[in-house]
Every structure is written in C-alpha cells, then in structure tokens.
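Trainee: Test case, fold it:
(chains A and B)
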Amino acid sequence: MRVVLALAVLILGSTGGEIAITHGMKATGEPARLRPLELVQFLGQAMRNGWFWAGVPLMALSFYSLLILLSWEPISLVIPASALSYVVGTLGAKYVLGEQVSAARWAGVVLVCAGVALVAAG
Amino acid sequence: MASERRLRIKTLVMVLAMVVCANAGDLMLKRGMSQIGAVRLTPSGLAQAFQLTVASGTIWIAIFFLTGFMLSYMTVLSWADYSYVMPAGAFGYALLTLLAVVFLHESVSPRRWFGVVLICVGVLLVGQTKPRTTAVAGEAAT
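Mentor: Numbers count the residues shown, from 1 in each chain, chains lettered A, B, ... in the order given. Down below sits the predicted model:
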C-alpha cells in the first residue's frame, strides 16, 4: 500500500510539475530566435512566471518520493513502474493543457511506455 | 508549409539537445557518485557525501549537462506540445542502450532489445504527428 502511494506521488508529482512548467512556458511564448543572448533573456522571463515556480516543488516532491521508493524496492521494479508517467502525462496534456492527442500519438505513447518499462527492467 | 517544416526541424534539434544533455549528465553523475562510493543514510554520512559531491569536478560537469537538459526542455515546451516532447525524449533510453553496447561492450538481454525496438517505433509514431496543437502566447494556433 505504501509503495502504491509513493508511486502515485512520484508519477503525479513529476507529471503535475511538468504540466505546470509547460503551461508557464506556453504563457511566456517562444523565443524569436535561438541565439545565446536571446535565450538567456527568454529563460529569465520564463522564470518570472508563477507556473514555473508551481512546477519546481512538485518535481522536487516527486524526486524525494523516488529516493524513498528506491530505499524500499529494487530499481528494476521502481523505474519500469514509473514508465506509467508517459500515459499519465499524455492524459494530463489532453485534459489539462488541451492538446490534441491523435490515435497515432496515443499508439506511440503506449509503445514508448512499454519499451521504457522493458529497457529499465533489464 | 515552410513554417510547419521549420517548427519540425527546430523541435527535432531541441529534442536531440535534451537527449544528449540528459544522457551525458546521467553518465557523469553515475561516474561521479561511483568515485564517491556508497552513501550512508545517517546525518553524518549525508553531510560527508554532500561535501564530497560539492568538491567533485565530475559532479559539476553532470550538473552542467543536467541544467542544459532542463533549459532545452523548457525552451522546446514554449512552442511544442508536452504530449509530443515527453514521449520523443524517451529516445534517450534507446540511445543509451546502443552507447552501452558500442562503447562499454555491455551485453544486452533480448527483452531489453525488444524494449529498444518498441521505443523507436513509438517515437517514430509520435514524431509523425503535429508538434504543436495549441496556441502559443502572442501567436495564433497553426
């Protein structure tokens, strides 16, 4: 039970954090050109967005949950299980960020999720 | 459409930068932490580990690459879909397996090869979809 709970915190924390940061980056808008000086200005602007700072603690929470999980369970179980975050993240992208997830993208995500689980399991 | 093509190329370059930085960062982190040795989970053990990591050049190189990963991830998310970039980044797992075979001569189980194939097919499928399906600030949706 505690493993399931920690895994939920791990997946929801990293997905929630990345979704918050994506939202913040979309609000910042894309940089006009990818030159070093403009990129620095752009990233400075992104870090003044509140959504970025909402995402960071969620990702930190997820990281601590990963450390705790790794102290309970073998890595060959923890990392494959965390591959579920590809599916959870896609659901979040669709329902929270309003992205259009086509059938081809869903199929790709499911294959990636299964593939990462197999690679991580060794 | 020229802008659509430009968007695809720009996204591909940033995803590659992400994957290279993440892999280089993880490898350096692994090397640096192996040099430091197993960390004891006691207050004094953690304090000692902290001092050793801060003093390690390898760890700082790892932090440099991992910061590069985070910044390229943030940059690409300013124009591309999260549901496009996130699965595309999994290509790094496949690349890491190939690097381990070519440079470290590690043996890889059939199960792991099967996983690599699934990741590559999955990333190709996701890569065929439109990189952006939502509007970006200051621009109309494409």
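
Trainee: Count the residues that sit near residue B:66.
Mentor: Look at residue B:66: counted by other CB atoms under 10 Å in any protein chain shown, it has 17 neighbours. Glycine gets a C-beta too; all of them are placed from N, C-alpha and C.

Trainee: In terms of helices and strands, where is it?
Mentor: helix B:57-77 (DSSP states H and E).

Trainee: just checking, next helix/strand downstream of that helix?
Mentor: helix B:82-88.

Trainee: Can I get that next one as PDB, trimmed to CA atoms?
Mentor: The C-alpha trace of helix B:82-88 is given here as PDB (Å, rounded to 0.1, in the frame of the first residue of the first chain):
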ATOM      1  CA  TYR B  82       4.100  18.300 -23.900                       C
ATOM      2  CA  SER B  83       2.500  15.100 -25.300                       C
ATOM      3  CA  TYR B  84       5.000  15.300 -28.300                       C
ATOM      4  CA  VAL B  85       8.200  16.200 -26.500                       C
ATOM      5  CA  MET B  86       7.800  13.900 -23.500                       C
ATOM      6  CA  PRO B  87       7.500  10.600 -25.400                       C
ATOM      7  CA  ALA B  88      10.000  11.800 -28.000                       C
END
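
Trainee: which other helices and strands contact it?
Mentor: helix A:2-28, helix A:85-95, helix A:103-121, helix B:2-36, helix B:57-77, helix B:110-128 (3 or more CB pairs under 8 Å, 6 or more residues apart in numbering or on different chains; DSSP states H and E).

Trainee: give the contact list for the nearest residue to residue B:96 once chain neighbours are set aside.
Mentor: Once flanking residues are discounted, residue B:96 sits nearest to residue B:23: 5.5 Å by CB to CB, 6 or more residues apart in numbering or on different chains. By CB atoms under 8 Å, 6 or more residues apart in numbering or on different chains, the contact set of residue B:23 is B:92, B:95, B:96, B:99.

Trainee: In PyMOL, how would I select the buried members of those residues?
Mentor: The buried residues among the contacts of residue B:23 can be selected in PyMOL (16 or more other CB atoms under 10 Å in any protein chain shown) with this line:
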select buried, chain B and resi 92+95+96
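
Trainee: In JSON lines: the contacts of residue B:23, plus distance to residue B:116 and secondary structure.
Mentor: Supplementary listing: these in JSON lines, determined by distance: CB to CB, whole Å; DSSP: H, G, I helix; E, B strand; the rest coil:
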{"residue": "B:92", "distance to residue B:116": "11", "secondary structure": "helix"}
{"residue": "B:95", "distance to residue B:116": "9", "secondary structure": "helix"}
{"residue": "B:96", "distance to residue B:116": "9", "secondary structure": "helix"}
{"residue": "B:99", "distance to residue B:116": "12", "secondary structure": "helix"}
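
Trainee: By mean pLDDT, show me the worst of the helices and strands packed on helix B:82-88.
Mentor: Lowest mean pLDDT within these: helix B:2-36, at a mean of 89.

Trainee: Name the residues of that helix that come out as buried.
Mentor: Counting neighbours by 16+ other CB under 10 Å, the buried set in helix B:2-36 is B:7, B:10-11, B:14-15, B:17-29, B:32-33, B:36.
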